[in-house]
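Asker: Quick one, fold the following:
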Amino acid sequence: PWQLITCPSMVLSDEGQMKRKMPVYSVNVKWGKEKFQNIDLDMDEPPMVFKAQLFALSGVQPDRMKVMWKGATIKDEEWGNIKLKNGLTLLMMGSAEALPEAPKEQHKFVEDMSESELANALKLPAGLTNLGNTCYINATVQCLKAIPELEDSLKKFQGSLTVSGAIVPAHSTTAALRDLYDTMDNAGSAIPPIVLLQVLHMAFPRFAEKNEDGVYQQQDANECWTEMVRMLQQKLPAVTESTEAGASSEQGFIDQFMSGQFSVSLKNIEDDEEEVTRSTEKFLQLSCFISQEVKYLHTGLKGRLSEHIEKNSVKLSRNAQYLKISEISRLPAYLTIQFVRFFFKEKENVNAKILKDVKFPLSLDVYDLCTADLQQKLAPMRTKFKQYEDKNVAMKAEEPSEQNGQHTKKTEASAEEVEYEPYSFPEDAGSNNSGYYELSAVLTHRGRSSSSGHYVAWVRRKNDEWVMCDDDNVYPVMSEDILKLSGGGDWHCAYILLYSPRQLPVDKPTEPSTPATAETMES
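Answerer: Numbering: from 1, shown residues only. Below is the predicted model of the structure:
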């Protein structure tokens with residue numbers, strides 16, 4: 001029978017016709033002082049493939065390379081009439097570019113970073129280690145750190161941790177918080193607040209109570225907040241401006257920046273002839289009581305300022321019902337508001353939690369909670385705010401739409417360079433002179449009772465950028481995440497709000513262009 005005998009140098013083409021296959025040669029290539037030996041050269045492949053081999057050996061890019069044989073340059077697409085043989089030496093010309101150096105620091109993607117690396121990359125604040133149900137302390141510390149003036153005041157405190165070798169509650173708490181903030185400012189990872197914890201345990205033994213397993217019991221974060229602020233109130237001195245203005249020497253930093261004052265009237269509703277008594281009361285917090293009709297923070301605050309109480313009437317010689325009306329006569333720069341979410345259940349012996357959804361704003365205006373006298377004092381700065389806002393609206397309306405994006409970027413870029421009007425009255429350092437506030441920190445609780453669950457701090461960094469400080473874990477979040485903390489379920493519920501004074505940028509008038517004079521026109 002017939003057999004098809006094929007020759008190694010013959011192959012079938014696509015059309016079925018016999019086509020000769022070119023051989024593979026072993027050649028040498030001389031490049032300057034270097035010589036590459038025994039390189040396979042397959043003439044069935046275009047010369048560009050051979051040049052790619054030479055590029056791998058020499059680093060000379062093919063488009064910068066010339067390969068020559070007997071004075072003729074080999075083209076990129078075809079070999080032409082060149083005749084080769086094994087052991088032949090070709091000449092290569094061309095210079096190699098220096099290879100890029102490997103990066104000194106290896107780049108990492110965000111998802112590949114550890115928690116400490118992520119914190120450094122995003123410049124996140126340091127977290128605090130949970131030392132066993134101590135999240136209530138960690139959250140309080142992170143929220144109070146949102147007051148820059150408090151940090152400045154702590155840095156000026158010269159006291160040591162102990163006095164004559166002993167722990168003194170107010171003195172030691174202030175020193176421990178100062179040292180902790182200093183450590184946090186210079187740390188790139190979570191800090192265990194051991195010293196502050198020990199000081200608080202010695203100053204307030206209830207915080208050191210343990211459960212059956214020997215673990216510290218969960219405590220109420222608002223109790224911790226209140227006690228720490230009271231300790232600072234005793235030790236941090238007033239700022240200089242207030243002392244120069246003739247303020248009382250008994251007043252300290254907390255009294256200036258975190259303490260407000262009520263003007264209180266008491267009227268006996270059972271005897272119209274009894275004279276209305278008036279007094280003043282100081283406060284470190286406003287309380288938002290949560291009833292069935294309270295859906296918004298402002299409603300809860302306003303309801304708390306008018307209440308019925310029972311007290312002894314000297315005139316009637318018995319207990320009587322009084323209407324107590326409180327109006328704010330002094331606003332602090334930093335306003336603390338507590339949602340009264342816990343109530344004691346005798347049957348279960350626990351502080352049960354009210355999960356009701358109560359909305360709170362990022363920007364707060366408390367003008368209508370103030371006395372008429374204070375409202376009159378707030379009016380000038382509020383007018384300035386109104387003029388500033390109207391001017392911004394007018395400027396945006398005049399700008400071409402295509403330049404709006406550039407204007408926004410320019411505004412954000414120069415935000416740190418903006419000068420601000422004083423937010424306090426000249427004669428009252430640490431006060432609020434407008435009634436406007438911006439939310440700076442939120443302390444939340446997740447759980448069903450104050451003695452269980454988990455506390456977390458949410459702190460504003462700038463504009464809409466916030467951080468969630470969950471013990472040693474610190475995550476970036478946005479304003480919309482903060483507004484979801486209003487309650488209504490088992491998610492984190494706002495428990496304490498810290499508002500800072502809204503600041504008004506200094507309105508620097510633009511210099512008018514110099515009108516042309518007769519002299520300039522002649523020149």
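Asker: Would you map the strands across the stretch 201-350 of the chain?
Answerer: 260-268, 277-283, 286-289, 306-313, 318-330, 335-340, 342-345, 350-353 (DSSP state E, counting those that start in this stretch).
Asker: Tell me which of those sits most buried.
Answerer: Stretch with highest mean neighbour count among these: strand 335-340 (a mean of 22; mean count of other Cβ atoms under 10 Å). Quick note: C-beta positions are derived from backbone N, CA and C, even for glycine.
Asker: Pairing partners for that one, with directions?
Answerer: strand 286-289 (parallel), strand 493-501 (antiparallel) (DSSP bridges).
Asker: would you list the strands of the stretch 201-350 of the chain in CSV and tack on mean pLDDT and distance to Thr371?
Answerer: Below are the strands of the stretch 201-350 of the chain laid out as CSV (pLDDT from 0 to 100; distance: least, Cβ to Cβ, whole Å):
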stretch, mean pLDDT, distance to Thr371
strand 260-268, 96, 5
strand 277-283, 96, 11
strand 286-289, 94, 15
strand 306-313, 92, 14
strand 318-330, 96, 4
strand 335-340, 96, 16
strand 342-345, 75, 31
strand 350-353, 76, 34
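Asker: for the ones you listed, which one sits closest to Ser172?
Answerer: strand 335-340 (23.1 Å; Cβ to Cβ).
Asker: Now do that closest one against strand 277-283: the angle between them, please.
Answerer: On the basis of axes from the mean of the first three to the mean of the last three Cα atoms, to 10 degrees, strand 335-340 is oriented at 90 degrees to strand 277-283.
Asker: what's in contact with strand 335-340?
Answerer: 222, 225, 258, 260, 284-290, 297, 300-301, 354, 358, 364, 366, 432, 437, 487, 493-499 (Cβ atoms under 8 Å, 6 or more residues apart in numbering).
Asker: Just the buried ones from those residues, in PyMOL syntax?
Answerer: In PyMOL syntax, the buried subset of these is picked out as below (16 or more other Cβ atoms under 10 Å):
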select buried, resi 222+225+258+260+284+285+286+288+289+290+297+300+301+354+358+364+366+432+437+487+493+494+495+496+497+498+499
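Asker: Need the distance between the two termini of stretch 354-374.
Answerer: 34 Å (Cα to Cα, to the nearest Å).
Asker: ignore the last one, stretch 69-78
Answerer: 14 Å.
Asker: ok, now stretch 52-67?
Answerer: 12 Å.
Asker: Give me the below-cutoff pLDDT ranges for the stretch 351-500 of the chain.
Answerer: 400-416 (pLDDT under 70).
Asker: which residues of it fall in strands?
Answerer: Using DSSP E, counting those that start in this stretch, strands in the stretch 351-500 of the chain cover 363-365, 436-446, 454-462, 465-470, 473-478, 493-501.
Asker: Need those in TSV (columns: distance to Ser326).
Answerer: Converted to TSV, those look like this (distance: least, Cβ to Cβ, whole Å):
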stretch	distance to Ser326
strand 363-365	18
strand 436-446	19
strand 454-462	29
strand 465-470	32
strand 473-478	35
strand 493-501	19
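Asker: Looking at the ones you listed, which is nearest to Ile39?
Answerer: strand 473-478 (55.4 Å).
Asker: Give me the distance from that closest one to the chain's centre.
Answerer: 7 Å (Cα atoms, centre = their mean, to the nearest Å).
Asker: Partner strands of it, with direction?
Answerer: strand 465-470 (antiparallel).
Asker: Return the set of buried residues in the lengthiest helix in the chain.
Answerer: Assignment by DSSP state H gives helix 372-398 as the longest helix of the chain. Neighbour-count burial for helix 372-398, counted by 16+ other Cβ under 10 Å, picks out 374-375, 377-378, 381-382, 385.
Asker: Output those residues as JSON lines; include the columns distance to Ser424.
Answerer: Output for the buried residues of helix 372-398, formatted as JSON lines (distance: Cβ to Cβ, whole Å):
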{"residue": "Leu374", "distance to Ser424": "13"}
{"residue": "Gln375", "distance to Ser424": "17"}
{"residue": "Lys377", "distance to Ser424": "12"}
{"residue": "Leu378", "distance to Ser424": "12"}
{"residue": "Met381", "distance to Ser424": "10"}
{"residue": "Arg382", "distance to Ser424": "15"}
{"residue": "Phe385", "distance to Ser424": "15"}
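Asker: closest to Thr73 among the residues you listed?
Answerer: Using Cβ to Cβ, those come closest to Thr73 at Phe385, 77.8 Å.
Asker: returning to what we had before: for Leu236, find the nearest of the strands of the stretch 351-500 of the chain.
Answerer: strand 493-501 (17.1 Å).
Asker: what sits against the nearest residue to His454 once chain neighbours are set aside?
Answerer: Once flanking residues are discounted, His454 sits nearest to Arg446: 4.9 Å by Cβ to Cβ, 6 or more residues apart in numbering. Contact partners of Arg446, counting by Cβ under 8 Å, 6+ apart, are 453-456, 490-493.
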